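Asks: got a predicted model here, sequence first, then my questions.
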Amino acid sequence: MSGHATKEFKVRWGMVIDVDKCTGCGACMVACQVENNIAPATPEMDAWAGVTHDASNKLRTLTWMLVYEINNKKAFPEYEAAYMPRPCMQCASPACVPVCPVVATDKNEEGGIVSQVYPRCIGCRYCMAACPYHARYFNWFDPTWPTGMDKGLSPSTSVRPRGVVEKCNFCHTRFQQAKDKARQDGGDPNNLPDGAYVTACAEVCPTGAIVFGDLNNPEHKVHELAHSKYAFRLLEKLGLGPQVYYYSKREWVHRLGDNYLPNEKKA
């Protein structure tokens, strides 16, 4: 269980990811990298050291959204597989926040998004050790892009240097843009309608597996899905209160989501 107080927010941005709809295509991962100016793992990154690494080396890649493959561990024909996209959980009581010695990460903004202030980060990686979801990544190298690709960078998102930790922030620049538009249209920036603010991964998902919105607002679809009997959260028994929910009608998916042993009774 987390040892610090949980803050209450009028607006609580979150996701419901339908595991039964997800095909594992990886479109959410690509959209996330494009939206947030995440550099691809290129062999050129180690040119200064005279070493060339395979760009497919998973130990050297960086992605805020990662799709995991899980299965029911049964033999054919009872074998079943599922795919589970994992962004930052934006926990209600984030384990990463109290361990940061410089308050580079915090949960203060209305909406409940866990922030990451890159200029303040000293790269100690305590937050990475504390996060049970492995949602944080450390920049060991300066970001580099293949020739010409740098021209496609988004002007809304800063590029992080080496030596800092980064993570999913629910496409925070889109949040700011949605609030600005609401002000221009005479609306309430603190009460955005469903669909006014959507993350890149939710927007691009071809099967509609990722639904995004205000978990506290009954008018948002995500609110209804999060309160379904088929909804669950990863490692919920840790007490961190993730704002990312998963949805599945398969019991074995629920059990894996909270890391139950094969013969362990579900609480």
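Replies: Thanks, I have the structure now.
Asks: show me where the stretch 151-267 of the chain has its helices.
Replies: Applying DSSP state H, counting those that start in this stretch to the stretch 151-267 of the chain gives helices spanning 172-184, 200-204, 221-226, 251-257.
Asks: as JSON lines, the ones you listed with mean pLDDT and distance to R233 would be great.
Replies: Placement of C-beta: from N, CA and C, glycine included. Output for the helices of the stretch 151-267 of the chain, formatted as JSON lines (pLDDT from 0 to 100; distance: least, C-beta to C-beta, whole Å):
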{"stretch": "helix 172-184", "mean pLDDT": "95", "distance to R233": "22"}
{"stretch": "helix 200-204", "mean pLDDT": "97", "distance to R233": "17"}
{"stretch": "helix 221-226", "mean pLDDT": "97", "distance to R233": "9"}
{"stretch": "helix 251-257", "mean pLDDT": "91", "distance to R233": "7"}
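Asks: which of the ones you listed is buried the deepest?
Replies: Mean neighbours per residue, mean count of other C-beta atoms under 10 Å, is largest over the helices of the stretch 151-267 of the chain for helix 200-204, with a mean of 21.
Asks: W13 belongs to a strand?
Replies: Yes - remark: W13 belongs to a strand, assigned using DSSP: H, G, I helix; E, B strand; the rest coil.
Asks: next one: the nearest residue to N71 once chain neighbours are set aside from E110, what distance?
Replies: The spatially closest residue to N71, leaving aside those adjacent along the chain, is A81, at 4.5 Å (C-beta to C-beta, 6 or more residues apart in numbering). Computed with C-beta to C-beta, to the nearest Å, the distance linking A81 and E110 is 39 Å.
Asks: hang on, the earlier thing: quick check, the residue nearest to N71 in contact with E69.
Replies: Yes - under the criterion of C-beta atoms under 8 Å, A81 is in contact with E69, at a separation of 6.2 Å.
Asks: dump the helices of the stretch 151-267 of the chain to CSV, plus distance to D106.
Replies: Below are the helices of the stretch 151-267 of the chain laid out as CSV (distance: least, C-beta to C-beta, whole Å):
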stretch, distance to D106
helix 172-184, 13
helix 200-204, 23
helix 221-226, 24
helix 251-257, 27
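Asks: and A81 and E110? Which one has more around it.
Replies: When A81 and E110 are compared on other C-beta atoms under 10 Å, the one with more neighbours turns out to be E110, at 13 against 9.
Asks: identify the residue spatially nearest to A209, adjacent ones excluded.
Replies: Closest residue to A209 apart from its sequence neighbours, by C-beta to C-beta, 6+ apart: K21 at 3.9 Å.
Asks: so which residue is dead centre in the chain?
Replies: P87 (1.8 Å; C-alpha atoms, centre = their mean).
Asks: got a list of what the closest residue to it other than its chain neighbours touches?
Replies: Counting by C-beta to C-beta, 6+ apart, the nearest residue to P87 once its immediate chain neighbours are dropped is C168, at 4.2 Å. C168 makes contact with 32, 64-65, 87-88, 135, according to C-beta atoms under 8 Å, 6 or more residues apart in numbering.
Asks: if you set the cut-off to 6 Å instead, what comes out?
Replies: C168 is in contact with 64, 87-88, counting by C-beta atoms under 6 Å, 6 or more residues apart in numbering.
Asks: contacting residues for the residue lying closest to E35 once chain neighbours are set aside?
Replies: On the basis of C-beta to C-beta, 6+ apart, the spatially nearest residue to E35 that is not a chain neighbour turns out to be A200, at 3.8 Å. Under the criterion of C-beta under 6 Å, 6+ apart, the contact list for A200 reads 31-32, 35, 171.
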